[in-house]
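Colleague: the sequence isn't on hand, but the structure is:
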C-alpha cells in the first residue's frame, strides 16, 4: 500500500522537484500541503501582518492543489496529527527542521527532511534517538548520492579502476542570491556551510567511514550574518577530502576521486536536472573516457530510498549513523572554521 505523505510548507523545491516526484512514485500518495497557523508562524507578527501573509500562503497552497491535487492543511501540526498522513516531507528553513521534525516523530510519522537535517549535531542526535524509540524512518534529501552518475563513480572505484584512493575533491558554489533569501539569515539557519557545504561533506562520506577534521575555514564578510564561503579538509587512513563551497562564487558543481591508477570526475555532480544527460570522465593510463550515465530523477530516487527505510527497519541503523556523522562534521567545521573579515 502506498505511503501517504504530506508536505510542511509551500516551498519552491517542493513545488518544482519533490511533489512532482511524489506524484510519479508508485510507493507514495500525495496527501497535501500545510501552511503555518498563526501560532506556528516563525516571526513576531501582528494580526494584520499574519492576515497578509496568510493570504499569500493560501494562494500558493491553492496553486499546489491546482497542480497536484491533495488537501490544504491550516497548520503544520494539523497535517502532522492527521490520520490520513503516514509520513512528512519538511522543506522549511533549516532552523525550523528540529522543531517540526521532533513534532512529526512524536506523532508517529516517518520524516524526510530537506537538507541540512538540523543546524546542530546535538539536535540531529536527539531526533535520531526519538526515531529509534518510535521505530520510524528518518532521512535527509541529499538526492545526488542516488543519481546514476554517482552510482557509476562508486562502481568504478569499487571495481578497482582507480587503484588506491589518494584524494577526494568536492566543490559546490553559486552566485549571490537575493538579499531576502533565507540562506543569508542566521536566524533561519543560513550560511554556505549548511547550504552548499553540506553537499561536499555528504559526497566525501560516501567513501570515508569516519573521517577526522584536520582543517576548516569559514569566511563571514562584514555586513553579513553568516559565512559566504569556506573550505575544509577531512582525512581517513591517508586519504584526504578537499572540500570547497560558497554562495557568493562563480557556479561550480564538481566531484572527483583521484587514485593511484586513475581519476574519475563529474562536472555537474550535485544538482543535475531530471532531463540532464549526465556523464563521468575516467582518466587512466589507457586514456580518457567519457562515460554516459543518462538521465536520472534524483528526487524520485531519494523517495525510493525513503520508502525502503519505511518498509524495512533492518536498514535504518546505517541511515541513523549517516545522519549523525554528517551533522557532527558540519558542527565541527562550524566550530573550527568561523572567522570574520
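Modeller: Arrived safely, thanks for sending. Since the structure is predicted, the reported quantities are computational estimates derived from the model, not experimental observations.

Colleague: where's residue 189, which helix or strand?
Modeller: Taking DSSP states H and E as the definition, one finds residue 189 inside no helix or strand.

Colleague: what sits against it?
Modeller: 93, 94, 95, 96, 97, 116, 119, 182 (CB atoms under 8 Å, 6 or more residues apart in numbering). Quick note: C-beta positions are derived from backbone N, CA and C, even for glycine.

Colleague: now do residue 305 against residue 275, distance only.
Modeller: 21 Å (CB to CB, to the nearest Å).

Colleague: do the same with residue 215
Modeller: For residue 215, the distance to residue 275 - CB to CB - is 38 Å.

Colleague: looking at these two, which is more packed in?
Modeller: More crowded of residue 215 and residue 275, by other CB atoms under 10 Å: residue 215, with 15 against 8.

Colleague: so that one: helix, strand or coil?
Modeller: strand (DSSP: H, G, I helix; E, B strand; the rest coil).

Colleague: and it, how far from residue 321?
Modeller: 24 Å.

Colleague: other residues contacting the helix or strand where residue 130 lies?
Modeller: Using DSSP H and E, residue 130 sits in helix 121-133. For helix 121-133, contacts defined as CB under 8 Å, 6+ apart pick out 97-98, 101-102, 105-106, 111, 117-118, 137-138, 316, 320, 323-324, 326-328, 330-332.

Colleague: can you give me the buried ones in that helix?
Modeller: Of all the residues in helix 121-133, those buried under the rule 16 or more other CB atoms under 10 Å are 121, 123, 124, 125, 126, 127, 128, 130, 131.

Colleague: helix/strand/coil for the most centrally placed residue in the chain?
Modeller: The C-alpha lying nearest the average C-alpha coordinate of the chain belongs to residue 115 (CA atoms, centre = their mean; 2.8 Å). Secondary structure, three-state DSSP: residue 115 is coil.

Colleague: give me the pLDDT for the closest residue to it other than its chain neighbours.
Modeller: In this structure, residue 115 finds its nearest non-sequential neighbour in residue 140, 5.0 Å apart by CB to CB, 6 or more residues apart in numbering. What the model reports as pLDDT for residue 140 is 98.

Colleague: next one: residue 188
Modeller: Residue 188 is given a pLDDT of 92.

Colleague: change the start of the numbering to 719 and stick with it
Modeller: Let's use 719 as the start, then, which means that last one is residue 906.

Colleague: show me what contacts it?
Modeller: So residue 906 contacts 811, 812, 813, 814, 900 (CB under 8 Å, 6+ apart).

Colleague: could you measure from the last one over to residue 772?
Modeller: To tie it back to what came earlier, the one meant is residue 900. 19 Å.

Colleague: what's the answer for the third one, then?
Modeller: Distance, residue 813 to residue 772, using CB to CB: 21 Å.

Colleague: then the second one?
Modeller: Note on residue 812: its distance to residue 772, by CB to CB, is 23 Å.

Colleague: just want to know which of these two has more residues nearby.
Modeller: residue 812 (23 against 17).

Colleague: pLDDT weak spots in this protein?
Modeller: Flagging of the chain using pLDDT under 70 yields the residue ranges 760-768, 1057-1059.

Colleague: spit out the contact partners of the residue of it most remote from its centre.
Modeller: The C-alpha centroid of the chain is most remote from residue 1004, which lies 36.6 Å away (CA atoms, centre = their mean). Applying CB under 8 Å, 6+ apart to residue 1004 gives no contacts.
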